[in-house]
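Colleague: below: sequence and its predicted model.
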Amino acid sequence: MIKFDAVSMSYPNGTTAVDDLSLELAEGGITVLVGPSGCGKTTTLRMVNRMVEPTAGTVSLRGRDIREVNAPELRRGIGYVIQHAGLFPHRTILDNIATVPLLLGWSRKKARARAAELLELVGLPAEMAGRYPSQLSGGQQQRVGVARALGADPPVLLMDEPFSAVDPIVRAELQAEFIRLQKELHKTIVFVTHDIDVAIKLGDNIAVFRTGGKLAQFDTPERLLAHPADDFVAGFVGQDRGIRRLSFVNAAEVTLRDNAVLPAISPVARARAAEEPWVLVVDDQRRPLGWVAVAELPESGTLADAPLAPLGHTFSLAGDSARAALDSALLSPSRLAVGVDADGAVVGVADAHELSAAAAAAEVPEATAAVEAAPEVTKGGGPEPGVAKSEDAKTGDAAGAGSPGGGER
Ligand SMILES: Nc1ncnc2c1ncn2[C@@H]1O[C@H](COP(=O)(O)OP(=O)(O)OP(=O)(O)O)[C@@H](O)[C@H]1O
């Protein structure tokens, strides 16, 4: 869709911002450009809408060299969102959002109706329409920035650190909202960030740049975590990539055992016979009730008479990741994770060791790095063959995603 072919860009002062970049970005997906400060991410982004012209090579959009398209026409099909939203301070929110439709010659009435629609789409109340940007919070302004970029329904969106100027809680909300929007809109998005966590959370594909404007690796988040191309990428991705990789392994792939799961009506002797330090007590529908420490069981009676330790949170085999499962194990008094099905019934339990075996078994194909092989993976779409992809990985809801006491989400 967007193709960089041997593209280089040097600024007049001699700085090489981008060095021989070849990259093909999939249609309808989010490609994240990530790397340390000054590695050429913004320059790369701005070459897509001709705010910056390459000094060598070709950028093409849907097969057409963008130099053949005049810049204003090109930009009509490309929304652009920047860090501080860049709203016009003396225009109302509605007029800010209506900017591009008006530029396109829409009638005022139609442009405003479209702006009102977009205000709702980005989750802002209609009464904000008449306010000015300074009367909105930073997070709300960013939403307006996104709405404005969507004004003419462009197929392509360029986003340069759009959520980095707001506090972490608002940022997480905006990111979640952004994922929701993209599921609906299927835009082709190029997203710049210096934060690898954001890249992994949002990207269908990630291009990691190194200083000097060189592409270090272009891959899916899963493969980046499993097979960093070199020490630079491994260092940039972080020490905890093993744990983060678990976000891409479906909990359904974890092997569970049920020897330590017993109904409340069971005699205490059965719990002792399980030869486990902890037993999970379930009701007659196999819904989890809590844990009993076998060493503290009364002499006789049933498990219903025994004191229960709190369950902790469960993980769902129908949507959670192995990372949620690991979190469930680490936070459980028994150190066992409780896996439940879609109805909240217990399927079985596993400890951290068993969970890590599932991650090891989940094969992630070697990095392709090849530009042509850029997979077309879209949010909410099916994973590539052979690559496990859980919802958690995309919602960023990995750790602690299991629901308290029942696994219903
Ligand atoms: N207008 C300019 N004139 C000269 N050099 C520039 C100009 N803009 C950027 N550069 C240089 O080009 C290189 C790449 O800059 P760019 O802004 O693309 O990097 P970046 O990865 O987006 O950085 P950051 O994460 O800090 O925003 C840097 O060395 C930068 O100093």
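Modeller: Thanks, I have the structure now.

Colleague: and the helices in the stretch 301-409 of the chain?
Modeller: Along the stretch 301-409 of the chain, the segments classed as helices by DSSP state H, counting those that start in this stretch run 322-331, 352-361, 391-395.

Colleague: got the residues of this structure near the ligand?
Modeller: Applying CB under 6 Å from any ligand atom, we find that the chain lies next to the ligand at 11, 13, 15, 17, 35, 37-43, 194. From N, CA and C alone the C-beta is placed, and that goes for glycine too.

Colleague: could you pull up the residues touching residue 209?
Modeller: Residue 209 makes contacts with 33, 34, 35, 36, 39, 40, 41, 44, 215, 216, as judged by CB atoms under 8 Å, 6 or more residues apart in numbering.

Colleague: could you find the lowest-pLDDT member of those residues?
Modeller: Among those, residue 36 carries the weakest pLDDT, at 90.

Colleague: turn the contacts of residue 209 into a markdown table, columns for secondary structure and neighbour count.
Modeller: Shown next, in a markdown table, are the contacts of residue 209 (DSSP: H, G, I helix; E, B strand; the rest coil; neighbours: other CB atoms under 10 Å):
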| residue | secondary structure | neighbour count |
| --- | --- | --- |
| 33 | strand | 28 |
| 34 | strand | 25 |
| 35 | coil | 27 |
| 36 | coil | 13 |
| 39 | coil | 23 |
| 40 | coil | 25 |
| 41 | helix | 26 |
| 44 | helix | 28 |
| 215 | strand | 24 |
| 216 | strand | 19 |
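
Colleague: TSV for those, including distance to residue 118?
Modeller: Converted to TSV, these look like this (distance: CB to CB, whole Å):
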residue	distance to residue 118
33	25
34	28
35	31
36	34
39	33
40	32
41	27
44	27
215	34
216	36
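
Colleague: quick check, nearest of those residues to residue 141?
Modeller: Nearest to residue 141 among those, counting by CB to CB, is residue 41 at 22.3 Å.

Colleague: so that closest one touches residue 33, yeah?
Modeller: Yes: applying CB atoms under 8 Å, one finds residue 41 in contact with residue 33, separated by 4.4 Å.

Colleague: overlap in contacts, these two.
Modeller: Common neighbours of residue 41 and residue 33, counting by CB under 8 Å, 6+ apart, are 192, 193, 209.

Colleague: and which of the residues you listed is nearest to residue 172?
Modeller: residue 193 (13.8 Å).

Colleague: my read: the closest one touches residue 32, true?
Modeller: Yes: counting by CB under 8 Å, residue 32 is a contact partner of residue 193 at 6.2 Å.

Colleague: overlap in contacts of these two?
Modeller: In contact with both residue 193 and residue 32: 199, 202, using CB under 8 Å, 6+ apart.

Colleague: what residue is smack in the middle of the protein?
Modeller: residue 201 (2.5 Å; CA atoms, centre = their mean).

Colleague: wait, that one sits on residue 175?
Modeller: Yes: the pair residue 201 / residue 175 is scored as a contact, 6.3 Å apart, by CB under 8 Å.

Colleague: might you report the residue contacts of whichever residue of the stretch 101-250 of the chain sits closest to the ligand?
Modeller: Proximity of the stretch 101-250 of the chain to the ligand (CB to the nearest ligand atom) peaks at residue 194, 4.7 Å away. For residue 194, the contact set (CB under 8 Å, 6+ apart) comprises 34, 35, 36, 37, 41, 161.

Colleague: pull the most distant pair out of those.
Modeller: Greatest spatial distance in the contacts of residue 194: 36 and 161, 13.5 Å, computed using CB to CB.

Colleague: list the contacts for the nearest residue to residue 349 once chain neighbours are set aside?
Modeller: With CB to CB, 6 or more residues apart in numbering as the criterion, residue 349 has its nearest non-adjacent residue at 4.3 Å, and that residue is residue 336. By CB under 8 Å, 6+ apart, the contact set of residue 336 is 260, 278, 280, 329, 349, 350, 351.

Colleague: residue 276 now?
Modeller: 259, 260, 294.

Colleague: please redo it, this time with the cut-off set to 6 Å
Modeller: residue 260 (CB atoms under 6 Å, 6 or more residues apart in numbering).

Colleague: walk me through the domains of this protein.
Modeller: Using automatic domain parsing, the domain parsing of the chain gives 2-247, 252-361.

Colleague: the closest residue to residue 253 other than its chain neighbours: how many residues sit nearby?
Modeller: Distances taken as CB to CB, 6+ apart put residue 358 closest to residue 253, at 5.3 Å, once the chain neighbours are dropped. Neighbourhood size, residue 358 [other CB atoms under 10 Å]: 22.

Colleague: I'd say residue 358 and residue 252 touch.
Modeller: No: Residue 358 is not in contact with residue 252 according to CB atoms under 6 Å; the separation is 9.6 Å.

Colleague: can the residues of the chain next to the ligand go into CSV with extra columns for distance to residue 233?
Modeller: Compiled in CSV, the residues of the chain next to the ligand are given as follows (distance: CB to CB, whole Å):
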residue, distance to residue 233
11, 26
13, 29
15, 23
17, 20
35, 10
37, 17
38, 17
39, 12
40, 16
41, 15
42, 20
43, 20
194, 15
